[in-house]
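1. attaching a predicted model along with its sequence, questions to come.
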Amino acid sequence: MQKTDVNADLSSTVALQETERKSAKAAGVWNLAGQDIHRIGFGAKRLGGGSATSAGQVTGLLRRVIEFGINHIDTAAFYPSVGRAGERHGFDSLDWANEAIRQALAPYPDDLVIATKVGPTEHGLARPDQLRGLVEGNLRQLGLETLDLVYLRQSGLDSVAEHFGVLAELRQAGLIRHLGLSNVRVEHLAQAQELAPVVAVQNRYGVGFGRVNDSMLEICAAQGIAFVPFFAVTASGREAGGVAESDPVAAIAREHGATTAQIRIAWTLAKGPHVLAIPGTGNPAHLAENVAAASIHLTPDQLTTLDAIPSD
């Protein structure tokens, strides 16, 4: 091989590596809902914030999501949502994320997994007899005949069996391919697994936040279940959004020339190959930063420092 050929091949390799550092591919893959997906996805919860305020801007942002190689979108009929002023837990639903996803991305890429969730309503947790209607609403809004993955987002239940049993029946009927759980305890997972397989669990979890879910993280790893943290970037800010402040996180961010949000995402991905990140945003610049976080590799000492931050 001539020297010029070697140089050309080297330049091509460097260019490919640089491209992958800017794409979701850098996060690695996990098989979710029967499809290999990149471990950094996109959450539609925050679509209502940021600079993408018009329908056209939202469409552009969602198409950019796909261009970055993201093939896992987390949504809900009640997304996007915005936190109520002065509250960490309360939120108002804007209810247009699913339609925006359909308008921007349908017909969908073959490798795209769209995960949605049912349970919350404006009057509280849905009754079991209301769940079919919520699932059918998601199908209509997304323009699908079958939903890839549906989470039961529970609140205040001692047992999820009755609610999850309805979703298991809808899975048998072909409306849903795979089932997940959200905002659950370990006993809820066991209750659901008596009725149908659970492929993913979504719980609050982040640096210095929600570490009560360390046990769920470990159980999911042992059973080959995806663990999908929410509030991983905002942490104790919860519904209010934003990026949680922490001196140790800020110090590590400076060491990497990164943002604190990127360090929080990198820590999330470092918690195990079964952990999927779903940072959301309505800002194209923040979307690019979130994807770039997949290329940040934290050192063992940095991980120890972040792990040691007391949990809220």
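-> Yep, it's here.

2. now the helices for the chain?
-> For the chain, the helices defined by DSSP state H cover 3-21, 55-67, 97-105, 131-142, 161-172, 186-193, 214-223, 247-256, 260-270, 284-292, 300-307.

3. quick check: which of those is nearest to Ala235?
-> Closest to Ala235 of those is helix 260-270 (C-beta to C-beta; 7.5 Å). In short, each C-beta sits where N, CA and C put it, glycine included.

4. okay, the angle between the closest one and helix 300-307?
-> 100 degrees (axes from the mean of the first three to the mean of the last three C-alpha atoms, to 10 degrees).

5. contacting residues around helix 260-270?
-> Contacts to helix 260-270, defined as C-beta atoms under 8 Å, 6 or more residues apart in numbering, come from residues 27-28, 39-40, 205-207, 229, 232-233, 235, 243-246, 249-250, 252-253, 256, 258, 275, 277, 279, 286, 289-290, 292-294, 296-298, 303, 306.

6. in PyMOL, how would I select just the buried ones from those?
-> A single PyMOL command is used to select the members of those judged buried by 16 or more other C-beta atoms under 10 Å:
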select buried, resi 27+39+40+205+206+207+229+232+233+235+243+244+246+249+252+253+256+258+275+277+279+286+289+290+292+293+294+296+298+306
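
7. what's the closest of the helices of the chain to Ser155?
-> Closest of the helices of the chain to Ser155 is helix 161-172, at 10.5 Å (criterion: C-beta to C-beta).

8. quick check: which of the helices of the chain is nearest to His178?
-> Closest approach to His178 among the helices of the chain is made by helix 161-172 (7.6 Å; C-beta to C-beta).

9. and that closest one, C-alpha only, in PDB?
-> Presented in PDB, the C-alpha positions along helix 161-172 are these (Å, rounded to 0.1, in the frame of the first residue of the first chain):
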ATOM      1  CA  ALA A 161     -51.300  -6.700  39.800                       C
ATOM      2  CA  GLU A 162     -54.700  -5.500  38.700                       C
ATOM      3  CA  HIS A 163     -53.400  -2.600  36.600                       C
ATOM      4  CA  PHE A 164     -50.500  -4.600  35.100                       C
ATOM      5  CA  GLY A 165     -52.900  -7.500  34.400                       C
ATOM      6  CA  VAL A 166     -54.900  -5.300  32.100                       C
ATOM      7  CA  LEU A 167     -51.700  -4.300  30.100                       C
ATOM      8  CA  ALA A 168     -50.700  -8.000  30.000                       C
ATOM      9  CA  GLU A 169     -54.100  -8.800  28.400                       C
ATOM     10  CA  LEU A 170     -53.600  -5.900  25.800                       C
ATOM     11  CA  ARG A 171     -50.200  -7.400  25.100                       C
ATOM     12  CA  GLN A 172     -51.800 -10.800  24.400                       C
END
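
10. quick one: low-confidence parts of the protein?
-> Within the chain, the stretches with pLDDT under 70 are 1-21, 50-53, 82-91, 93, 239-240.

11. which non-adjacent residue is nearest the most centrally placed residue in it?
-> Nearest to the geometric centre of the chain sits Ile278, at 2.5 Å (C-alpha atoms, centre = their mean). Nearest non-adjacent residue to Ile278, counting by C-beta to C-beta, 6 or more residues apart in numbering: Gly43, 4.0 Å away.

12. what's the neighbour count on that neighbour?
-> Using other C-beta atoms under 10 Å, Gly43 has 26 other residues around it.

13. can you give me the distance of Ala33 to Thr146?
-> 11 Å (C-beta to C-beta, to the nearest Å).

14. hmm, back to that, most packed of the helices of the chain?
-> Among these, ranked by average contacts under mean count of other C-beta atoms under 10 Å, first place goes to helix 260-270 (a mean of 24).
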